[in-house]
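Asks: Quick one, structure for this:
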Amino acid sequence: MSNNKPMRIVVIEDQIMLRDLVTTMASAIPGISVVGEALEGREGLRLCEKEKPELVIFDLFLPGLNGIEILRQFGKKNPKTRFIAISANFTPDSIRELLELGCHGIIAKSSSASKLKEGMKEVCNGSGYLCPMAASLLRESHLTRTGSGRRKGRLSNREREVLQAVAEGFSTKQIAKKLDVSVKTIEAHRANLMKKLDARSAVELTRCAYEMGIIELPARYVVSDPANKPREV
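Replies: Numbers count the residues shown, from 1 in each chain. Here you go, the predicted model:
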């Protein structure tokens, strides 16, 4: 969070009690300012386009326009905005799609209020956050997927090194220095990885790295342990 000005947040949730809870909890976090609330998807998208918030907290299933479409449409035009999805009905496919589209936090409605607050803080501070249920769904989905082995075989050793570095959050310049090669070489490797893995973003490359077993869990995502102590992975 910026030390100079508060992070501006929009909350889009059709359940009024939960929306009020999210708004109240967010407003209580230092450095956060809730600038708008919406109960419906299209209204929420218009609000985002008007306010240009730094963070959008949205329900996955909204009347009028679902949360994934809000993320897809607004996120594409505003790549610096961060997003947290909340839902009572996440599936492995919906979690993967959210990650592919660049969602930074995924929190089940069955989570405690402390987990919700923890997730908001982590995302506002630049990390990502998967609640325990979302992490479990993603892990179980990984164990049943069969395409990852074929993907891994298509990459060279250096490409796997670059993919891991990207998934761990290193910039192109940092990777070049780490591997002692030129920036142009790393840019070429990233372009090849995007093409080979049919990926469109660093977030999607991170998901590929997880599915291929290159990283244990999606990089930069924090998973809470049963003792309520977040650990970064």
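Asks: going forward, measure contacts between C-alpha atoms and count neighbours the same way
Replies: OK.
Asks: how about the strands of the protein, start to end?
Replies: With strands called from DSSP state E, the chain shows them at 7-12, 32-38, 55-59, 82-87, 105-108, 128-130, 221-224, 230-232.
Asks: how far off strand 7-12 does the fourth one point, in degrees?
Replies: This means strand 82-87. Here strand 82-87 points in a direction 30 degrees away from that of strand 7-12 (axes from the mean of the first three to the mean of the last three C-alpha atoms, to 10 degrees).
Asks: Buried ones in stretch 181-188, by neighbour count?
Replies: 186-187 (16 or more other C-alpha atoms under 10 Å).
Asks: Over to stretch 170-184?
Replies: For stretch 170-184, a neighbour-count test (16+ other C-alpha under 10 Å) marks 172, 175-176 as buried.
Asks: so of those residues, which ones are in helices?
Replies: Of these, the ones assigned to helices by DSSP state H are 172, 175-176.
Asks: With distance to residue 46 added, can I get the buried residues of stretch 170-184 in TSV?
Replies: Output for the buried residues of stretch 170-184, formatted as TSV (distance: C-alpha to C-alpha, whole Å):
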residue	distance to residue 46
172	35
175	39
176	41
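Asks: of those residues, closest to residue 188?
Replies: residue 172 (10.4 Å; C-alpha to C-alpha).
Asks: can you tell me how far the closest one sits from residue 194?
Replies: Separation of residue 172 from residue 194 (C-alpha to C-alpha, to the nearest Å) stands at 14 Å.
Asks: Below-threshold pLDDT in this protein: ranges please.
Replies: Along the chain, the parts satisfying pLDDT under 70 run over 1-3, 141-153, 213, 216-233.
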